Each structure stands twice: as structure tokens, then as C-alpha cells.
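Asks: no letters, just coordinates:
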């Protein structure tokens, strides 16, 4: 009974988290779903495998609906023995996206409890973290995997800190579960950034252990945590191994090409291109939007302020109301340098103020790893704007060059600021005396309030509110127009700077009244919580609100058949579709209805991307033919999508009489230029041993035809009087696709840079291509073994703890 009473406040907090999550995303209670652009694209990409699962009850790990064919490992594949995923689903019992907001809350709440923070303050801190604008906006656009991974970060840190505090059993169990859940979120970039913060923590604790001569305890903790992490990896082995296998062949892996499409030399890297990695780099000045939301104008589609000067300028140009509306919709209030910004990464004026307060109050290891983590996160988020550090990490830090959008490392400081704020507030309430409270309160308010005041008083002297895109509007609409735009940007800036200053002053006043005994501690905490909510939610609702929700059927079926789709679907053959009415390589729409040559994915198949760069982007019909593109969707009258049948498509498979051997990957792709793919194949010399024929004897009666197809199984029938060379309009992917001739294993190889090819023996034969990835079988065994081991350790740990408690009770 006593233990239940101890847990009662925490149960109440969890209930409040559920209520708050559902309240913020209240349309989910009406059965609505949030419209998430990325999830719309994902739905298109994953439809074929989902339909296959629903129809057959089986899982396919290959889809033919995108990029000519690719593994489904990063498209929501379901793996055997994935028990940690079942735990994750149990925790995410609320409707999406309320489930992720709830995860934000409980993860951070647990971390604060581990930091020995009063549960009321822990509750406030969890709200401050969960309602951080960046964490809300990623739910609005559909970065669910990112949100998922971020939500479990505090849980991992909780286990690590417990272990360093010599709570070895609790630390081991929480580290294992937290890391296993972190990995099941399947966003390795976020997990990688978490690892960087963990390394910072490890270094700080190492220095402390060295000073206090407690290195044995330190390395014991490291060993225990390493064991937990290895076990967590084991419980996610299938996904990790499969993802690694695919990543090596994707745009995230090393390309074999050493030339650009124009023939110029290309620097060969093991990761992404430098410009691609740093395209989304936070501006140094832009970082102030952590404190003032529209410091840089807000998001890329930020509305104009009330009574905008821009509107007056447009009307003076003589524009009609319709023309004026079109112009205003194109004018960016955002004046930073990033290509697209959905919303500022606002942490909250109150939270920033309390974090600075915390810096004056917090001592020891916690302060140093939080500060170091904050600086690392901030500096790396600047990307190309702080090239000294960024170049160092890209060149020398393992795996850093595998990820793009370096600005997203700010998720670490989105977590660090609430920790500093709430731990600082805890010290303020429970550890500092009144004299020290007054001193740090005045210093924190002076620093933060002073910055805001300087920005307000000297706005026009400090900033010019010039956007990189202003030159276009000057050319089209003149200097007076862009002057009006800059005035509107200044208005947004000033409005939010005053807003932040007010929150700082009110927060200062509340804490001052507490010092003077005018407010009780509980009342003060409640008011601070309200201020944080008003501050953060007020900004959040600008970007993610009830207007973003639609009827469930809209998200369940986000794409509607147009005229082209209906006409193409009348054809029951096996072929691909290429839609040029959209960017084929940045949309999942075509994949929703057809086997598409394009698609939408952050890690596209590497060789298909190369083919696009060299040929498809230039409209090369020969490449479309060899990829069996039977229909090309174009724009007809009034913008209607119209299917154009391609009579020259090579079909699912064909026989060729000529072979040209390429010396390397550069030759492979260059020789495709103007190649008659129906008669000649380009084969890399590395496969010459699989084509023992010096010449291919032409057999006019030889045939090959596809007689059955599913995403993971293709069956062909062949007839030939002499051995022949067959090409298949299927993407070459060695890791999983096996071929059988009359049910006996055979060999195949790569042709035309991206396709499959094989020698066909004389006679009548059946050829089966089956996708049988060994990585799934191997990973599943490791996952099962790891899960059983963890269950054994978990049960054993619980029994051990109960025996300890029983022994203490007897004493």
C-alpha cells in the first residue's frame, strides 16, 4: 500500500500527459488525422508491400513500385521476432500524432526523476521539452521516425546516468530498454547525434574519475552500458543489418563513379556530397530564433503581419486583387539562408531564461556535459557557416558524412535547454538561499532581458532584413516594393522580440515574488508552468493546429486516380510508369498506383540515382525502354495528366546478340549513351567469368517471356536452340535476389549498369528470380536470441532486487 502511495503522483502525471497530448491534438478524438506531407509520400511508396501483406498474410522485403525496385527495409518492413517493436507499439497507444507527444513527455519525465528532480518540476520540464516548437513541427510535416527517435533519447540518458551513479542493475536495464527502443525508431541520424552527446558525457565523467582516482568504477560502468547497448543492438539486429546492407548500395553509400555527367572528374567519397550534407546549415545569427521565434521571419511560408506594408506596395504597382494575392503568397518573410524552413526552432523565452539561471546554479559534471553538449550541437548545426568544425567532422569523424541536414543536430540543444532550466529551477527552490537567488535572478534576467531590449531598441541599426531572394523581387517589382517587404520583416521581428522580453520580465517577477515570500513554492511552479505553456504553445499553434487535420480517409488514401491512372490501370501487363508531370524522383504518387521508375526516399538506390543524373533527367528514351517503361504520363490540355504509351519499351526480358565489356563503372554508364539496348549489353569485365561465350550465336526462334510476377518472385519461360544472353528489366541487387533454372541454383550478373542479366542454356526452361535475403534470416536469429537473453536478465534482475529488499526488511 505504501508503494502504491509513492507511485500515485506519477500515475497522476501520466494521466495528465495523456490528457494534454489528446487536448493539443484534439481532432484525433473525432477520428481525424493530421495531414503530414512526408507520410503522404511514404503511403504511396509502401502501398504495394502493404497490399501484398494484406492479401497474402506474408511479408515481402522487396517492392517493384519505386525506383524500378528496391528493398522495403526503410519502408516499414515487419521482421520476425521483433518483440521490442511490440513494446514500442504498446507505449504508443494514443492516436497519432498524440502518441509521439506523449512519448516526449514520459521520456523526459523519467530523465528528470533520475536527476532527482521533484516530480512537479519534472512534470513542467517534460512539458517544456515536448512543446518545443521544432519537436511539434516535425510532427506536422510527418518526420515521424525522427520524432520517434528523439522521444526515446531521454530514456537512454536516464540509463546511462543511473549506471554512472553505480545503480548498475537499474542502469543496465534502462539503458538496454531505452537504446533498444531508440533503435526501433529507425532514424539512425538522430541516434547518431545522441551518440555524440553520450561521448561528451563519457568524456566529462572520465575526467572526473581521473581526478578522483575512481577509474575502475568508471570503466565498470562503461562495460555495463556497453553490454546493454550490445543487447539493444541484438534485439534490433534484423533492421540494423538490413539497413546497413542496403545503405551501402544507396545514395548514402560509396559510389563507384569518378566522373560527373558532363565527364568532369568527381571526388569519390564514402558518404554524401559536401553540398548535400550542408545544404541545410543554420545561420549563426539565425540561432537567436531559439529565443525570439520570428527573429529571421519565422518559416518559409510565414504570413505577413497585420496591416502589411507589402500589400500597400503591391497595390501601388496597380496589381489587381488576384495578382496582389499571388505576389503576396510568393514573398518570403523568412530572410535566412536555408532553402526551406517549416518553422523556427523555438525553445521558449521562459525556458532560455531559466536555462541561463540554471547555469549560475548548477555545479559539477551535469553542468559541464550540458554546456559542452549545447555548444557542440549549436556549432555543428551551423554547418558550412562554421566550416572549420564541420569539415573536420565530415572528414575524420566516422559516419558523420552519411547524414544530411546538419541543422537537425539542434535536437540535442532542444533537449539540453529544458534540462538546464528545470534542474536550475530545482536548485533555485531547494538549494539556494535568498541572497544567492536574488543575485542569479538579476544576472539571468539582465542578460536575457538585456539582449531582447538591445534588439528592440537598435533593430534598424543591427539588421537589414535582406533575404537572398530579394534581388529577384527588386528586378521584377522594384526597390520600393522590397523596402516594404523588409519593413514587414522588421515588424515580425520586433513583435516577437517584445513578446520574448515580456515573458522574461514576467518570469523574473514571479520568481522575485517567491523570494519575497509573496508566492508559495507550489503556486510559483504552477505559474511558471503556465507561462511555459502559453509561450511555447502560442508559437506551436502558428504552425501546427487543428487546421492541419483532415478526415481519416484523406490520409488513408492520399492520392486519387486521375485520367492517366485509370487508363494505365486497364492494362494488366507488367511494366513501369514514368510521370513527368511531377518530379519523378521526389514523389511517391506514381508508386501508389503503378510500378514506378521514380519514387520518394531519403536514401535512393545509388545506381538508379546515377542513371537519373546521367540520362533520365535529360529525357533519354533509351533508358526508359530498357527499364520497361510502357507509359509516360505527360500534361495534356488544361493540365490534365495524359498517358503516352511507349511502343519501344524492351519488355520484362529480352535476348541480346552483342556484348561490350566495360573496364569500370565509368565506362558502364557512359557506354549507355545512344546504345541500342535491345541488341547490345554493357557488362563490366568483373562479370566476364559468368559469360563464358566468346560469341552469342543468334537464334531467331529463341524466346523469353514473363509468365508470373509478384514483388518478391518473378518466373520466366525460355526456349532456345543455343545458349543465349538474357537481360531483365529488373534492378540488380545481389544481396537477396537468387535465380534458379528449373529449380536449380544458377548465376546472374549486372548489365547496363543497373539491370540483371544471365546466360540462358539451350532448350526449354523455367527461370525463377526469388528475393530471399539472408540478412533477414540471420538477423532474426540474433534478435530472437538477444530477446530471450534480455528477458532472462530482466526477470533475474527483478528477483534479485526483491530479495535485496526482503533482506533489508528483515534487518
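Replies: All right, it came through fine. Here the structure is a predicted model, which is why all the values come from computation and not from measurement.
Asks: poorly predicted segments of the stretch 601-750 of the chain, please.
Replies: The stretch 601-750 of the chain contains residues with pLDDT under 70 at 692-695.
Asks: all strands of it, in order?
Replies: Counting by DSSP state E, counting those that start in this stretch, the stretch 601-750 of the chain has strands at residues 629-635, 641-645, 653-656, 658-662, 680-684, 703-710, 713-720, 724-731, 737-741, 744-746, 749-751.
Asks: which one of these lies closest to residue 613?
Replies: strand 724-731 (16.1 Å; C-beta to C-beta). Quick note: C-beta positions are derived from backbone N, CA and C, even for glycine.
Asks: relative to residue 805, which of the strands of the stretch 601-750 of the chain is closest?
Replies: Of all the strands of the stretch 601-750 of the chain, strand 737-741 comes closest under C-beta to C-beta, at 55.3 Å.
Asks: can you give me the helices for the stretch 401-550 of the chain?
Replies: Here the stretch 401-550 of the chain has its helices, by DSSP state H, counting those that start in this stretch, at 411-430, 434-457, 459-462, 470-477, 479-515, 521-543.
Asks: out of those helices, which gets nearest to residue 124?
Replies: helix 521-543 (4.4 Å).
Asks: that closest one: which residues count as buried?
Replies: 524-525, 527-529, 531-533, 535-537, 539-540, 542-543 (16 or more other C-beta atoms under 10 Å).
Asks: which pair in these has the greatest spatial separation?
Replies: 524 and 543 (30.1 Å).
Asks: sorry, back to before: so can I have CSV of the helices of the stretch 401-550 of the chain showing mean pLDDT and distance to residue 798?
Replies: Putting the helices of the stretch 401-550 of the chain into CSV (pLDDT from 0 to 100; distance: least, C-beta to C-beta, whole Å) gives the following:
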stretch, mean pLDDT, distance to residue 798
helix 411-430, 96, 29
helix 434-457, 94, 42
helix 459-462, 90, 59
helix 470-477, 84, 64
helix 479-515, 94, 42
helix 521-543, 96, 34
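Asks: pick the most buried one from the ones you listed.
Replies: Most buried of those, by mean neighbour count (mean count of other C-beta atoms under 10 Å): helix 411-430, with a mean of 24.
Asks: low-confidence ranges, the stretch 301-450 of the chain, go.
Replies: For the stretch 301-450 of the chain (pLDDT under 70), the answer is none.
Asks: what's next to the helix or strand hosting residue 40, contact-wise?
Replies: Using DSSP states H and E, residue 40 maps to helix 37-56. Contacts to helix 37-56, defined as C-beta atoms under 8 Å, 6 or more residues apart in numbering, come from residues 58-60, 63-66, 72, 75-78, 141-144, 555, 558-559, 587-592, 595, 599-601, 710-711.
Asks: ok, stretch 469-485 next?
Replies: 308, 309, 310, 312, 313, 314, 316, 317, 327, 331, 332, 486.
Asks: the same query, at a cut-off of 7 Å, please.
Replies: 309, 310, 312, 313, 317, 331, 332 (C-beta atoms under 7 Å, 6 or more residues apart in numbering).
Asks: try stretch 649-669
Replies: 256-259, 574-575, 610, 614, 625-626, 628-630, 671, 677-685, 688, 691, 696, 698, 702, 704, 706, 716, 724-729, 753.
Asks: check the gap between the residue nearest to the spatial centre of the chain and residue 398 for me.
Replies: What sits nearest the mean C-alpha location of the chain, by C-alpha atoms, centre = their mean, is residue 146, with 4.4 Å. Look at residue 146 and residue 398: by C-beta to C-beta, to the nearest Å, they are 21 Å apart.
Asks: and residue 117, by the same measure?
Replies: 35 Å.
Asks: more neighbours: the two, which one.
Replies: residue 117 (22 against 10; other C-beta atoms under 10 Å).
Asks: verify the stated contact: the more buried one with residue 422.
Replies: Yes: contact criterion C-beta atoms under 7 Å: residue 117 and residue 422 qualify, at 6.1 Å.
Asks: overlap in contacts of those two?
Replies: Joint contacts of residue 117 and residue 422 (C-beta under 7 Å, 6+ apart) are residue 125.
Asks: what bridges to the closest residue to residue 752 other than its chain neighbours?
Replies: Leaving aside its chain neighbours, residue 752 sits nearest to residue 682 (5.2 Å; criterion: C-beta to C-beta, 6 or more residues apart in numbering). Beta-bridge partners recorded for residue 682 (DSSP bridges): residue 660.
Asks: what's residue 682 in contact with, if anything?
Replies: 660, 662, 668, 671, 672, 675, 751, 752, 753.
Asks: what's the answer for residue 493, then?
Replies: Here residue 493 is in contact with 294, 295, 459 (C-beta under 7 Å, 6+ apart).
Asks: and which of those is nearest residue 353?
Replies: Nearest member of those to residue 353, counting by C-beta to C-beta, is residue 295, at 15.9 Å.
Asks: pLDDT score for the nearest residue in space to the closest one that is not next to it in sequence?
Replies: Closest residue in space to residue 295, ignoring its immediate chain neighbours: residue 289 at 4.1 Å, by C-beta to C-beta, 6+ apart. The per-residue pLDDT reported for residue 289 equals 95.
Asks: wouldn't residue 289 be in contact with residue 345 here?
Replies: Yes: using C-beta under 7 Å, residue 289 is in contact with residue 345, at 6.4 Å.
Asks: what's the neighbour count on residue 661?
Replies: So residue 661, with other C-beta under 10 Å, has 16 neighbours.
Asks: distance check, it against residue 685.
Replies: Taking C-beta to C-beta, one finds residue 661 at 5 Å from residue 685.
Asks: now residue 327
Replies: For residue 327 relative to residue 685 (C-beta to C-beta), the value is 58 Å.
Asks: ok, these two, which is more surrounded?
Replies: The neighbour comparison of residue 327 against residue 685 (other C-beta under 10 Å) goes to residue 327, with 19 against 12.
Asks: any idea which helix or strand carries that one?
Replies: Counting by DSSP H and E, residue 327 is found in helix 321-330.
Asks: hmm, who's touching that helix?
Replies: So helix 321-330 is contacted by 304, 310, 311, 314, 315, 319 (C-beta under 7 Å, 6+ apart).
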